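Novice: here are the coordinates; sequence isn't available:
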C-alpha cells in the first residue's frame, strides 16, 4: 500500500506545477521572480579559460588611432606602435583622449565666464548697458526708416 501511494505521489508530482508539488522537487518554494531555477542550479560553474574566442586577436590601428596612442602617452614614437594592437588599447586611448578634451572644454568655459565678468564690469565703468545699447539701436532704425520714407517720391 505504501509503495502504491509513493507511485501515485510521484505521478502527481510530475503532472503538477512545480509551485504546487509536495515533494522537494525542482522548486520547493514559490519564486515570484523571472527565474525559476533552484538553488543548486544557481551555483555558477567556472568558465573555461578559452572564453576569449570571440575577441579579435589584433586590430590594425588607423592613422587617427596611431595619433591617439601617441597623444595619450601609450607610445613615444610612431615607429614604436606595432602593426596590430588590441582593440582594448585603442579604446582606452580614445577614452583617455575624451576625458582630456572634456577637461579642456571645462577650462575654456570657466575662462570664458571670467572674461565675460571682466568685460561686463568694464562696461559698467563706461556707463554702458544692454538697455542703453538697444535704445540707441532702435533710435537709429527709426531715423533710417524716417529718411527712407522722406526720400521716396
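Specialist: Received, thanks. What you see is a predicted model; the values in this text were computed from it and never measured.
Novice: give me the number of residues near residue 98?
Specialist: Other residues within reach of residue 98 by the criterion other C-beta atoms under 10 Å amount to 11. For the C-beta atoms, the positions are set from N, CA and C on the backbone; glycine is no exception.
Novice: Doesn't it lie inside a strand?
Specialist: No. Assessed with DSSP: H, G, I helix; E, B strand; the rest coil, residue 98 is helix; it does not lie in a strand.
Novice: and it, what does it touch?
Specialist: Shown in contact with residue 98 (C-beta atoms under 8 Å, 6 or more residues apart in numbering): no residues.
Novice: any idea how far it is from residue 137?
Specialist: 42 Å (C-beta to C-beta, to the nearest Å).
Novice: got it, and residue 3?
Specialist: 104 Å.
Novice: repeat for residue 90
Specialist: Taking C-beta to C-beta, one finds residue 90 at 53 Å from residue 137.
Novice: low pLDDT regions in the protein?
Specialist: The chain contains residues with pLDDT under 70 at 1-2, 4-6, 8-9, 12-57, 153.
Novice: residue ranges of the strands in it, please?
Specialist: Ranges of strands in the chain, per DSSP state E: none exist.
Novice: Please enumerate the helices of it.
Specialist: Across the chain, reading from the start of the chain, the helices by DSSP state H fall at 2-15, 39-42, 63-71, 87-125, 130-151.
Novice: Out of those, which is the most enclosed?
Specialist: Of all the helices of the chain, helix 63-71 has the most neighbours on average by mean count of other C-beta atoms under 10 Å, namely a mean of 15.
Novice: which residues touch residue 66?
Specialist: 78, 81.
Novice: okay if I get the helices of the chain as a markdown table plus distance to residue 79?
Specialist: Supplementary listing: the helices of the chain in a markdown table, determined by distance: least, C-beta to C-beta, whole Å:
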| stretch | distance to residue 79 |
| --- | --- |
| helix 2-15 | 71 |
| helix 39-42 | 52 |
| helix 63-71 | 10 |
| helix 87-125 | 17 |
| helix 130-151 | 57 |
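Novice: Among these, which comes closest to residue 81?
Specialist: Taking C-beta to C-beta, helix 63-71 is the member of the helices of the chain nearest to residue 81, at 5.4 Å.
Novice: Between helix 87-125 and that closest one, find me the angle.
Specialist: For helix 63-71 against helix 87-125, the angle between stretch directions is 70 degrees (axes from the mean of the first three to the mean of the last three C-alpha atoms, to 10 degrees).
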